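> Predicted model follows, preceded by the sequence.
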Amino acid sequence: MLRDQTQLRFKQVMDLRRLALPPLTRHAERELRHAAQRCLTCRSKTRCDLMLEAKHTEELRLFCPNTGYIERLRRGGVDVR
Ligand code: SF4
């Protein structure tokens, strides 16, 4: 699944917001796997595509299940234990 992360919408959000993944420690990898799973099973993909197409990543905060994860990446606070 991690190899396919570049296909996931939350990776597109990260790219638009110029966020990078932390070094993939075991904990960070587990967090990434959970984020990927949330993205794969998200019920807001159509709405997400509209936001991504318009590059309105800020509005994604209103409904994206990965908002917390993306926000932690933005703050550089993904726990890398
Ligand atoms: S809204 Fe859903 S599909 Fe879009 S990035 Fe967030 S979790 Fe992924």
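Arrived safely, thanks for sending.

> Give me the most central residue, this protein.
Centroid check for the chain by Cα atoms, centre = their mean gives Phe10 as the closest residue, at 3.3 Å.

> so it is in which element?
helix 9-16 (DSSP states H and E).

> Keeping just the C-alphas, turn that helix into CSV.
Output of helix 9-16 as CSV, limited to C-alpha atoms (Å, rounded to 0.1, in the frame of the first residue of the first chain):
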residue,chain,number,x,y,z
ARG,A,9,-5.5,11.9,-2.9
PHE,A,10,-4.0,12.9,0.4
LYS,A,11,-0.6,12.7,-1.3
GLN,A,12,-1.9,15.2,-3.8
VAL,A,13,-3.0,17.4,-0.9
MET,A,14,0.5,17.1,0.5
ASP,A,15,2.1,18.0,-2.8
LEU,A,16,-0.2,21.0,-3.2
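
> could you say what helices and strands it packs with?
helix 26-40, helix 45-53, helix 67-74 (3 or more Cβ pairs under 8 Å, 6 or more residues apart in numbering; DSSP states H and E). Bear in mind the C-beta positions are built from the backbone N, C-alpha and C, glycine included.

> Nearest to Leu16, out of these?
Among those, helix 45-53 comes nearest to Leu16, with 7.2 Å by Cβ to Cβ.

> Could you export the helices and strands packed on helix 9-16 as a markdown table, including mean pLDDT and mean neighbour count?
Below are those laid out as a markdown table (pLDDT from 0 to 100; neighbours: other Cβ atoms under 10 Å):
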| stretch | mean pLDDT | mean neighbour count |
| --- | --- | --- |
| helix 26-40 | 92 | 16 |
| helix 45-53 | 94 | 14 |
| helix 67-74 | 90 | 16 |
